[in-house]
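S.K.: Sequence first, then the predicted structure:
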Amino acid sequence: MRRVGLSAGVAAAAAAPVAFAAYRFAVAYRVHAGFPQPRPPIFTPPDFGLPFEETVVRSPAGDLPAWFVPARDGARGPAVLLVHGWESARDRTLPNARFLHAAGFHCLSFDVRGHGANPREELPISVAEFGADALAAFQALQARPEVTQVAILGHSLGAVGAIFAAARDDRVAALVSTSAPAGPVMLTRQTFRLARLPMPDALAYPLAWFTTRVYVRPRGHAVASINASRALARYLGPVLLIHGSEDGVIPVSHLDRLQAAAGRDVETLVLPGAEHSWLHEHAEYRRVVAGFLARSLDGPLSPDEAAAIAAEVDCPRLPETDEAFAAVDTRPYGLRAIAQVILPARLARGWAATSSTAPRR
């Protein structure tokens, strides 16, 4: 008994530094990755020849600035809510609004809390906040007198927000998810890869789960509650999942996981050669999205007519940088990243100085 107790004590003592290092890593990750840099919109709907109305979305985070873009001179009809991604803003959705407006859909775009023209948040932002704000925006759009039905189109983390909103309100008439991560732990693990942290999966996945848990703790979320795959299984309306075959941020395998998680037939589109963003540049994307929405929302145009019109609209990418995860943008890479997080400063500097891993971007 004494030998067993001694062995357990030795094991616990040996594990303590590992647990402490993992906690330091998770807290550093949360501080660095949890607070997007707000980037106020540069463009407005008139830059794309679109009519618009300045409005706000009343969300749990307060009033979020938004644009309503009416179609067909404001006649009653279906609408599409557009949800931007991480460190983005509502102007980044304007290319989507352009071809959807041409196909006859009203559109609403807004800045998620901590993004765009909103102030920085005091607590870290996760997909749960994207979902809460998307739900508030959906409810605001659904309440407008010009609107009959509402679909939601989201990109990247905005796509997860769209999925969460659809899972919580059965009035969502259709869902378009583009470049979405299938789950929070997989997303955290992917940021490790993007930062080139040299760790095997056997270590990386447990650390990713623990890091995700620490990340969402300040707002009281559980890891399981912010899983896009689980949320998608609860939404029973029409679904279109889209991904670029060359997405280097969220691999296309995430689409396969979401499709399997839906537990039923859903529509999918993998765009050959497309990356994480700017999918609207592809005529096939515009054609499929507009046709799917016209079919799901019963107009205002026929699916074939909406698809043909949308495919002909020129929707080039906007200038400025692509969306990125702050967790991998500005920290050192490889062994240096781990050293700076888990070791005392003096030792970390020594490890970085002797490491042969060169920073790469």
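M.R.: Received the coordinates, thanks. Source: prediction; values computed, not measured. Numbering: from 1, shown residues only.

S.K.: So, low pLDDT: which residues of the stretch 201-350 of the chain?
M.R.: Applying pLDDT under 70 to the stretch 201-350 of the chain flags the ranges 320-350.

S.K.: how about residue 147, phi and psi?
M.R.: Main-chain dihedrals, residue 147, degrees, to the nearest 10: phi -100, psi 130.

S.K.: So it sits against residue 79, correct?
M.R.: Yes - with contact defined as C-beta atoms under 8 Å, residue 147 and residue 79 form a contacting pair (4.5 Å). All C-beta atoms are positioned from the backbone trio N, CA, C, and that covers glycine.

S.K.: who touches both of the two?
M.R.: 106, 141 (C-beta atoms under 8 Å, 6 or more residues apart in numbering).

S.K.: what about these two, which has more around it?
M.R.: Applying other C-beta atoms under 10 Å to residue 147 and residue 79 shows that residue 79 carries more neighbours, namely 27 against 20.

S.K.: partners of the more buried one in the sheet?
M.R.: residue 106, residue 150 (DSSP bridges).

S.K.: so how far is residue 69 from it?
M.R.: Relative to residue 69, residue 79 is positioned 9 Å away (criterion: C-beta to C-beta, to the nearest Å).

S.K.: For those two, list the residues in contact with both.
M.R.: By C-beta under 8 Å, 6+ apart, the residues touching both residue 79 and residue 69 are 106-108.

S.K.: Residue 54 - that's part of a strand, no?
M.R.: Yes - assessed with DSSP: H, G, I helix; E, B strand; the rest coil, residue 54 lies in a strand.

S.K.: Please name the bridge partners of it.
M.R.: Under the criterion used (DSSP bridges), residue 54 bridges to residue 67.

S.K.: Tell me who's in contact with it.
M.R.: 65-67.

S.K.: Switch those residues over to a markdown table; also include neighbour count and distance to residue 171.
M.R.: As requested, the contacts of residue 54 are exported to a markdown table (neighbours: other C-beta atoms under 10 Å; distance: C-beta to C-beta, whole Å):
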| residue | neighbour count | distance to residue 171 |
| --- | --- | --- |
| 65 | 18 | 24 |
| 66 | 22 | 19 |
| 67 | 24 | 22 |
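
S.K.: Name the nearest residue to residue 121, sequence neighbours excluded.
M.R.: Counting by C-beta to C-beta, 6 or more residues apart in numbering, residue 121 lies nearest to residue 114, which is 4.1 Å off, once chain neighbours are set aside.

S.K.: Residue 44: which of the contacts of residue 54 is nearest?
M.R.: For these, the closest approach to residue 44 (C-beta to C-beta) belongs to residue 67, at 7.6 Å.

S.K.: so how far is residue 93 from that closest one?
M.R.: Applying C-beta to C-beta, the value for residue 67 to residue 93 is 9 Å.

S.K.: what sits in contact with each of these two?
M.R.: Between them, residue 67 and residue 93 share the contacting residues residue 109, judged by C-beta under 8 Å, 6+ apart.

S.K.: Can you say which helix or strand has residue 270 in it?
M.R.: Using DSSP states H and E, residue 270 sits within strand 267-271.

S.K.: Within its sheet, name the partner strands of that strand and how each one runs.
M.R.: Neighbouring strands of strand 267-271 in its sheet, by DSSP bridges, are strand 239-244 (parallel).

S.K.: Please work out which residues outside the partner strand touch it.
M.R.: Strand 239-244 is contacted from outside by 174-180, 232, 250, 252, 254-255, 258-259, 262, 266-271, 273-276, 279, 285, 288-289, 292, using C-beta under 8 Å, 6+ apart.

S.K.: Going along the chain from it, find the next helix or strand for me.
M.R.: Beyond strand 239-244 toward the C-terminal end (DSSP H and E), the next one is helix 253-262.

S.K.: Could you pull out the buried residues of that following helix?
M.R.: Residues 254-255, 257-259, 261-262 are the ones in helix 253-262 that count as buried (16 or more other C-beta atoms under 10 Å).

S.K.: Could you do stretch 49-65 as well?
M.R.: Here stretch 49-65 shows 50, 52, 55, 57, 59, 61, 64-65 as buried, counting by 16+ other C-beta under 10 Å.

S.K.: which of the contacts of strand 239-244 are buried?
M.R.: Applying 16+ other C-beta under 10 Å to these, the neighbour count classes 174-180, 232, 250, 254-255, 258-259, 262, 266-269, 271, 274-276, 279, 285, 288-289, 292 as buried.

S.K.: got the phi/psi numbers for the closest residue to residue 301 other than its chain neighbours?
M.R.: Once flanking residues are discounted, residue 301 sits nearest to residue 104: 5.1 Å by C-beta to C-beta, 6+ apart. Main-chain torsions, residue 104, degrees, to the nearest 10: phi 100, psi 10.

S.K.: what about residue 104, distance to residue 77?
M.R.: Counting by C-beta to C-beta, the separation of residue 104 from residue 77 is 7 Å.

S.K.: just the helices in the stretch 201-350 of the chain please.
M.R.: Ranges of helices in the stretch 201-350 of the chain, per DSSP state H, counting those that start in this stretch, are 201-216, 228-234, 253-262, 283-296, 303-312, 326-329, 335-342, 345-354.
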